[in-house]
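1. Mind looking at a prediction? Sequence and model below.
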Amino acid sequence: MGNEGSLLVVGTGIQWGGQTTIAARHAIEKAERVLFVVADPWASQWVLSLNPRAEQLPYPLDGRPRRQIYSDMVERILSEVRLGRQVCAVFYGHPGFLTFPGHEAVRRARSEGFSARMLPGVSSLDCLIADLGLDPGHDGWQVFEATSFLTRPRQFDIHTSLILCQIGGIGNLGPFDPSDRERIRRGLSALGELLCSQFPATHEAVIYEASVHPVDPPRIERITLGRLEETSVSELSTLHVPPLERAPLDARMIARLGMAALTDEPDRKHLSRA
Ligand SMILES: C[S@@+](CC[C@H](N)C(=O)[O-])C[C@H]1O[C@@H](n2cnc3c(N)ncnc32)[C@H](O)[C@@H]1O
């Protein structure tokens, strides 16, 4: 067996078609083998319409841990690359944001001597920037996966936007299960408690779900942190906690940098009120 097999890992964006980059679409159309995991049946049909040789990667809901499902996906992708094929693996959103098999497939293929590359895609974070009017370049942002945020406690900054992903799957090692209400409530309760140790319970945050179809609006639901556990969430829910206030200016640093004219701008919290 030679090393002529290759791998391109691409994303469809959150809205397939409209948010799929031209490069990703081209990769799907041209590949000898396409293996995909997307968020809904319409997106599956679309991938199949671009390349009839496409095959959906299994996502069994039989109690198997997610880790197992993901490593089976990586194995399946690699098995096609090892056959010497030009393979395109397709994931929804950005294929490298909270998508373990996307990164792992690239790492493994390269370690076995194959050419492998990931193309960037439009992630839920990109949609959040647009829908909530948030500019991470202005005052920064902090992004965490919610279970990791709780189980590996880290310092976080109340002067900087805080984004928590997978808030519907806190403490869940398997696929999202909407009927597991007790676990979802327990996770949100733990998250709410931790956030309220730094923010007032009355601080307003947003449950955000980017629209998956162009005709649907995004979900932008405001809740106070003290009532987080009462909120209904889905596998798509992301929490945005705006800063309490801007970080205070450091007068000594301003003098050192010769920026005497710099004064505090008005609070830009309003930017997150879409
Ligand atoms: C397995 S990750 C996949 C992320 C995806 N690769 C991306 O680029 O956004 C799933 C998590 O991403 C976030 N997410 C995915 N789709 C979303 C959407 N439509 N709106 C808001 N957040 C979303 C949520 O936090 C969700 O729990």
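-> Received the coordinates, thanks.

2. In the chain, what residue lies closest to the ligand?
-> Relative to the ligand, the nearest point of the chain is Gly93 (2.2 Å; Cβ to the nearest ligand atom). For the C-beta atoms, the positions are set from N, CA and C on the backbone; glycine is no exception.

3. and that residue, what does it touch?
-> Each residue near Gly93 by Cβ atoms under 8 Å, 6 or more residues apart in numbering is listed here: 11-14, 99, 121-124.

4. mind listing which of the residues you listed are in strands?
-> Gly11 (DSSP state E).

5. Now intersect the contacts of Gly93 with the helices, please.
-> Ser124 (DSSP state H).

6. From the contacts of Gly93, list the ones also adjacent to the ligand.
-> 14, 99, 123-124 (Cβ under 6 Å from any ligand atom).

7. looking at those residues, which has the most residues close by?
-> Highest neighbour count within the ones next to the ligand among the contacts of Gly93, by other Cβ atoms under 10 Å: Ile14, with 27 neighbours.

8. Contact partners for that one?
-> 39, 92-93, 122-124, 126-127, 210-212.

9. Of those residues, just the buried ones, ChimeraX syntax please.
-> A single ChimeraX command selects the buried members of the contacts of Ile14 (16 or more other Cβ atoms under 10 Å):
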select :39,92,93,122,123,124,126,127,210,212
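
10. pLDDT-wise, what's the bottom of the contacts of Ile14?
-> Minimum pLDDT for these is recorded at Ala39 (85).

11. Can you give me every residue that contacts that one?
-> Counting by Cβ under 8 Å, 6+ apart, Ala39 has contacts 14, 92, 212, 236.

12. Spatially, which two of those are the most separated?
-> Within those, Tyr92 and Leu236 form the most distant pair, 10.2 Å apart (Cβ to Cβ).

13. Phi, psi for Gln142 please.
-> phi -120, psi 130 (degrees, to the nearest 10).

14. all strands of the stretch 51-200 of the chain, in order?
-> 54-56, 86-91, 115-118, 141-145, 161-165 (DSSP state E, counting those that start in this stretch).

15. list the helices and strands the second one packs on?
-> Using 3 or more Cβ pairs under 8 Å, 6 or more residues apart in numbering; DSSP states H and E as the contact criterion, the neighbours of strand 86-91 among helices and strands are strand 6-11, helix 22-30, strand 33-37, helix 66-82, helix 100-111.

16. winner for burial among the ones you listed?
-> strand 6-11 (a mean of 25; mean count of other Cβ atoms under 10 Å).
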